[in-house]
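Novice: This is the structure alone, sequence omitted:
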């Protein structure tokens, strides 16, 4: 996820946005989490239509990506641009702004001295609203110094019509580095989006999952590995739901229903959800309120609240998580987190997800000293007896990457990769 609240969705394990978000496939052997934010504006300007009638963004062959797409990294950046290419990107009217469907690819190189675990890029259409800014997060990179890797940009951003574009500075969209996380958990970049914490959570999940799979290989539990990586168990493959965080949704208070929010607890979690409530209309959850209790001896400054949706057939799905900056003193202090926006859930096809029930869980916890907690595989196993829900809770970009290696190279290739990263 943007310049506001971000959402982690289940599609590339999790996704988060301020506005509307989508999760798309990513770079080399990695999951790409795209976080976009755009609000819908209304305008009756016929003149505006005339301003861009027939306008298109030309292909890379006619106009190199550097013409209107500027990639700007500092000289001391550990990641630098090798090349760029522009796909079929086109603008169209959205209210009083120019909505740009951006499709481009970048080839980047690790020019630093440390291996890189993940990066977040900021994509800015020079808008003053969050809808003019987006970001692309790529975890599970494992890039050694000198390694080259591709990054896909597939976003929609809004650019005001009055934004200045000159011959000397023709760029309509600028790409910059928000954060690069190294394998020793140090980081580079301004981190304006809070990307370092997100990347650290992904890296902790990756190390957890590698240890788990390595232990299965070491004990000869090959059938369980195939099950974990979804081979031969298509009925247990988690359905990937879409999650959007809307700040200016259309409301229908007279048609909303009050829902109780249940709690799914991880035994070792330092913060436990106690339940809550929300107003629900069709596939939208408005102003959800969750009560939390700090059961640890350490003060907490932030958590990620995860959401599980029950559909109209009684099936449960992990839909994503939303960060909450909530301070909790040690030992049994309780607090409430209230999301001011509206959560909208949809199926992979884009169809609205009919909500039959709501549950919440604590996805990760940040203590006041900056240290992080994530659930262990044992926590996940004990949290639910539903095998599909358990599989969704355990899914991560790293597990998806390792499943791809297993699919292409078999058990020996997986074992070699786990040994390489040990």
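Specialist: Perfect, I can see it now. Not measured: the values here are computed from a predicted model. Residues are numbered from 1 along each chain as shown.
Novice: so where's the protein uncertain?
Specialist: The model of the chain has pLDDT under 70 over residues 1-67, 89-97, 127-131, 160-170, 231-241, 247-252.
Novice: For it, just list every one of the helices.
Specialist: Per DSSP state H, the chain carries helices over the ranges 46-52, 65-68, 195-218, 222-228, 377-383, 387-394, 397-420.
Novice: Tell me which of those sits nearest to residue 356.
Specialist: helix 387-394 (14.4 Å; CB to CB). Bear in mind the C-beta positions are built from the backbone N, C-alpha and C, glycine included.
Novice: now that closest one and helix 195-218, what's the angle there?
Specialist: 130 degrees (axes from the mean of the first three to the mean of the last three CA atoms, to 10 degrees).
Novice: Check the offset of helix 387-394 from the chain's centre.
Specialist: Relative to the chain's own centre, helix 387-394 is displaced by 18 Å; criterion: CA atoms, centre = their mean, to the nearest Å.
Novice: What residues of it count as buried?
Specialist: Residues of helix 387-394 classed as buried under the neighbour-count rule (16 or more other CB atoms under 10 Å) are 388, 389, 390, 391, 392, 393, 394.
Novice: Give me the angle between it and helix 397-420.
Specialist: On the basis of the same axes, to 10 degrees, helix 387-394 is oriented at 70 degrees to helix 397-420.
Novice: From the contact counts, what lies against helix 387-394?
Specialist: Contact analysis of helix 387-394 by 3 or more CB pairs under 8 Å, 6 or more residues apart in numbering; DSSP states H and E lists strand 316-324, helix 377-383 as its packing neighbours.
Novice: Give the pairing partners of the first one; include direction for each.
Specialist: Sheet pairing for strand 316-324, assigned by DSSP bridges, gives strand 8-9 (antiparallel), strand 300-310 (antiparallel).
Novice: Out of those strands, which one sits most buried?
Specialist: Scoring the strands paired with strand 316-324 by mean neighbour count under mean count of other CB atoms under 10 Å gives strand 8-9 as the most buried, with a mean of 30.
Novice: returning to what we had before: with distance to residue 375 as extra columns, can I get the strands paired with strand 316-324 in JSON lines?
Specialist: Shown next, in JSON lines, are these (distance: least, CB to CB, whole Å):
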{"stretch": "strand 8-9", "distance to residue 375": "14"}
{"stretch": "strand 300-310", "distance to residue 375": "10"}
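Novice: Which of those sits closest to residue 403?
Specialist: Counting by CB to CB, residue 403 lies closest to strand 8-9 out of the strands paired with strand 316-324; the figure is 18.5 Å.
Novice: for residue 303, what are its contacts?
Specialist: 271, 292, 323, 324, 326, 337, 362, 363, 364, 365, 366 (CB atoms under 8 Å, 6 or more residues apart in numbering).
Novice: what are the bridge partners for it, then?
Specialist: residue 324, residue 365.
Novice: quick one: it from residue 372, how far?
Specialist: Using CB to CB, to the nearest Å, residue 303 is found at 10 Å from residue 372.
Novice: shared neighbours of these two, which are they?
Specialist: Applying CB under 8 Å, 6+ apart, one finds that residue 303 and residue 372 are jointly contacted by 364, 365, 366.
Novice: Identify each buried residue in stretch 396-407, please.
Specialist: Neighbour-count burial for stretch 396-407, with 16+ other CB under 10 Å as criterion, is recorded at 396, 397, 398, 399, 400, 401, 402, 403, 405, 406.
Novice: Hmm, I typed the wrong one, I wanted stretch 366-379.
Specialist: Neighbour-count burial for stretch 366-379 flags 366, 367, 372, 373, 374, 375, 376, 377, 379 (criterion: 16+ other CB under 10 Å).
Novice: same check, this time on stretch 204-213
Specialist: Quick answer for stretch 204-213 (16+ other CB under 10 Å): 204, 205, 206, 207, 208, 209, 210, 212, 213.
Novice: so how far is it off the chain centroid?
Specialist: Centre-to-centre, stretch 204-213 and its host chain are 19 Å apart (CA atoms, centre = their mean).
Novice: Just the endpoints, please. Distance across stretch 344-359?
Specialist: Terminal residues of stretch 344-359 are spaced 15 Å apart (CA to CA, to the nearest Å).
Novice: So which bits of it are buried?
Specialist: Within stretch 344-359, the residues that count as buried by 16+ other CB under 10 Å are 344, 345, 347, 353, 355, 357, 358, 359.
Novice: how near is the last one to residue 276?
Specialist: Right, residue 359. From residue 359 to residue 276 the distance is 10 Å (CB to CB).
Novice: shared neighbours, those two?
Specialist: Joint contacts of residue 359 and residue 276 (CB under 8 Å, 6+ apart) are residue 261.
Novice: And the strands in the stretch 101-250 of the chain?
Specialist: For the stretch 101-250 of the chain, the strands defined by DSSP state E, counting those that start in this stretch cover 116-124, 133-138, 148-160, 173-182, 187-188, 242-246.
Novice: Between strand 116-124 and the second one, find me the angle.
Specialist: What separates the directions of strand 133-138 and strand 116-124 is an angle of 160 degrees, with the same axes, to 10 degrees.
Novice: So which elements touch strand 133-138?
Specialist: In terms of contacts (3+ CB pairs under 8 Å, 6+ apart), strand 133-138 is packed against strand 33-35, strand 116-124, strand 148-160, helix 195-218.
Novice: Which one, of those, ends up nearest to residue 83?
Specialist: Closest approach to residue 83 among the helices and strands packed on strand 133-138 (CB to CB): strand 148-160, 9.5 Å.
Novice: Arrange the shared contacts of residue 303 and residue 372 in JSON lines, one row each, with distance to residue 185 as further columns.
Specialist: Shown next, in JSON lines, are those (distance: CB to CB, whole Å):
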{"residue": "364", "distance to residue 185": "15"}
{"residue": "365", "distance to residue 185": "16"}
{"residue": "366", "distance to residue 185": "13"}
